[in-house]
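Colleague: pasted the sequence and its predicted model underneath.
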Amino acid sequence: MDLKFNKNEDHNKMLVSELKKRLAKVKLGGGKQRIAKQHEKGKMTARERIAYLLDDDVKSIEIGALVGEGMYEEHGGCPSGGVVVKIGHIKGKQCIVVANDATVKAGAWFPITAKKNLRAQELSIENKLPIIYLVDSAGVYLPMQDEIFPDKEHFGRIFRNNAVMSSMGITQISAVMGSCVAGGAYLPIMSDEALIVDKTGSIFLAGSYLVKAAIGEAIDNETLGGASTHCEISGVTDYKAKDDKAALDTIKNIVAKIGDFDTAGYNRIKAEKPKLDVAEVYGVLPKLRHEQYDMLEIIHRMVDNSDFEQYKEGYGKTIITGYARIDGWAVGIVANQRKVVKNAKGEMQFGGVIYSDSADKATRFIANCNQKKIPLVFLQDVTGFMVGSKSEHGGIIKDGAKMVNAVSNSVVPKFTVIIGNSYGAGNYAMCGKAYDPRLIVAWPSAELAVMSGNSAAKVLLQIETAALKKKGETITKEKETELFNKIKDRYDAQVSPYFAASRLWTDAIIEPTDTRKWISMGIEAANHAPIEKAFNLGILQV
């Protein structure tokens, strides 16, 4: 290995180390003291409940672990959005588990909590996966009710989804393991089956204090809406459990009896590990985002047996397309080539830029994968589409539109991995969040924005200096440098993958060596949902 490889490796491993530190912090939820209080009440934490429920928590994937990071600081923060979401196996069946974290503001719902819950339901709907709700929540966080209650994608959408999912035949099971109040009480009761834990679980539209204030009735919460009330009097819940573990055991027994699902029929054979060492991606990926490298070096360390069959290898070289297997699953890969290449005319093309021929090739390949029923994997390290008179005259807008059209209308499941840059329209064409990838994840090296921090700072600096000059202010070289650095620092913070993850623009930031696991779990989930419509590009034919 050369010196550059070693420097890259050290840098990327430091990024992974930072990721691990952040994940370790959010896994404490509201902190050790609140975890201890949860245990004193005889209750498990959200993460303990999920770990007990799943066959193997290590083999699960967590959606939105970093959601809420750096948000709501004036309210004390909201680690993981106050809810834990994982995809894993219960009695051999793949399921989604959603658990309120009562150590974070008593499990109250912040705006980002609703967004994360809706993402979990979206994954369930798209993949027809059973979903388990472990409820322990004080309801809407009242100081921010205006940002969570009335709009289409707010709190109420969750109950609408409960009803839609039920009509689709998607299994929903709820366990009330703590508070379940007001509008939140509808979630477990709109599920197929509901459990409640004795003495710690409670369900009511209004608690005892509100009942006293509203109608003058004096009653305690347990009599109002405890386990005995709802299992023996109201009939609202179906099972009473003596403690958390008993409730989780009941869920396991229910899931174990769910019948087999109709598969989408995605091709899978026995998995093989890559011949090349997966960990070597740390040395291949450059420290600086503008440096060139060969994306094939990443692909060969990601796919089974390091076998990759390129499609149109000699054409449109700034996008790599081809067939491979990941954990035995057949996949079609669309990846940005990040090294300078030469086209058939002998012209040099910049790595990471989408040219007309590259967009044309990608469009045709996406159509082929849809015809063959092969899931698509997009590996993003893209700075955007090529600009300038030559590209414009050559029809780059039309070719780019065809690629975006193919991505938009693709009926096979899509999975997006943001390895490096994800800028501008390049993010769209390479299946960004707006184009419905089943899962979208980022490596710690990722950057998401309209353009790089350096480029954006130059543009914004010109605007700001022009405004200052209009006011008659003199701009010295030192003042210009100070302004540039101030703008760039602000923009760089927004470009960070953590900024994106906290807002759920990506489902997770993952270690590069976990990429195969995420894609495999994603395709396994997608295989629950047969394709129901034909691939059609509409008016923009290839």
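Modeller: Arrived safely, thanks for sending.
Colleague: could you find the closest non-adjacent residue to Leu123?
Modeller: Taking C-beta to C-beta, 6 or more residues apart in numbering, and ignoring the residues beside it in sequence, Leu123 has Ile96 as its nearest neighbour in space, at 5.9 Å. Just so you know, the C-beta spots here come from the backbone N, C-alpha and C atoms, and that holds for glycine as well.
Colleague: what about the one you found, is that helix, strand or coil?
Modeller: The three-state label given to Ile96 by DSSP: H, G, I helix; E, B strand; the rest coil is strand.
Colleague: run through who's touching the helix or strand harbouring Asp492.
Modeller: Element membership for Asp492, per DSSP states H and E: helix 477-495. Under the criterion C-beta atoms under 8 Å, 6 or more residues apart in numbering, residues 447-449, 452-454, 456-458, 460-461, 464-465, 475, 499 lie in contact with helix 477-495.
Colleague: so how far is that helix off the chain centroid?
Modeller: Put simply, helix 477-495 sits 30 Å off its chain's centre (C-alpha atoms, centre = their mean, to the nearest Å).
Colleague: need the next SSE after that helix, C-terminal direction.
Modeller: helix 497-502.
Colleague: sorry, back to before: so for the contacts of helix 477-495, which is the shakiest by pLDDT?
Modeller: pLDDT across the contacts of helix 477-495 is lowest for Gly453, at 68.
Colleague: where does the residue of the chain most remote from its centre land in three-state SS?
Modeller: For the chain, the largest distance from the centre (C-alpha atoms, centre = their mean) belongs to Gly472, which lies 47.9 Å off. Three-state assignment for Gly472 (three-state DSSP): coil.
Colleague: per-residue confidence at it?
Modeller: If you check Gly472, the pLDDT there is 80.
Colleague: can you say which of the contacts of helix 477-495 are buried?
Modeller: In those, burial by neighbour count holds for Glu447, Leu448, Ala449, Ser452, Gly453, Ala456, Ala457, Leu460, Leu461, Glu464, Thr465, Phe499, counting by 16 or more other C-beta atoms under 10 Å.
Colleague: determine which two of those residues are furthest apart.
Modeller: Greatest spacing in the buried ones among the contacts of helix 477-495, by C-beta to C-beta: Leu448 and Thr465 (27.0 Å).
Colleague: rewinding a little: buried residues, the helix holding Asp492. List them.
Modeller: Buried residues in helix 477-495, counting neighbours by 16+ other C-beta under 10 Å, are found at Leu483, Phe484, Ile487, Lys488, Tyr491, Asp492, Val495.
Colleague: and if you look at stretch 290-298?
Modeller: Tyr293, Met295, Leu296, Glu297, Ile298.
Colleague: list the contacts of the helix or strand bottoming out on mean pLDDT in the chain.
Modeller: Lowest on mean pLDDT, DSSP states H and E among the helices and strands of the chain sits helix 453-470, with a mean of 77. If you take C-beta under 8 Å, 6+ apart as the criterion, helix 453-470 is touched by 447, 449-451, 475, 480, 483-484, 487-488, 491-492, 495.
Colleague: ok, back up a step: pick out the most distant pair among the buried residues of stretch 290-298.
Modeller: The distance between the two most remote of the buried residues of stretch 290-298 (C-beta to C-beta) is 9.6 Å, for Tyr293 and Leu296.
Colleague: common neighbours of the two, please.
Modeller: In contact with both Tyr293 and Leu296: no residue, using C-beta under 8 Å, 6+ apart.
Colleague: correct me, but Glu503 touches Ile112?
Modeller: If you look again at residue 503, you'll see it is Arg, not Glu. Yes. Counting by C-beta atoms under 8 Å, Arg503 touches Ile112, with 7.3 Å between them.
Colleague: what touches both of those two?
Modeller: In terms of C-beta under 8 Å, 6+ apart, Arg503 and Ile112 are both contacted by the residues Val67, Met71.
Colleague: neighbour-wise, which of the two wins?
Modeller: The neighbour count for Arg503 versus Ile112, taken as other C-beta atoms under 10 Å, is higher for Ile112 (25 against 17).
Colleague: the more buried one belongs to a helix, doesn't it?
Modeller: Yes. Per three-state DSSP, Ile112 lies within a helix segment.
Colleague: am I right that Ile35 sits in a strand?
Modeller: No. Counting by three-state DSSP, Ile35 falls outside a strand, being helix.
Colleague: quick one: contacts for it?
Modeller: Contacts of Ile35 (C-beta under 8 Å, 6+ apart): Leu28, Gly29, Thr45, Thr103.
Colleague: if we can go back for a sec, sort out for me which of the buried residues of stretch 290-298 are in strands.
Modeller: Secondary structure assignment (DSSP state E) places none of these within strands.
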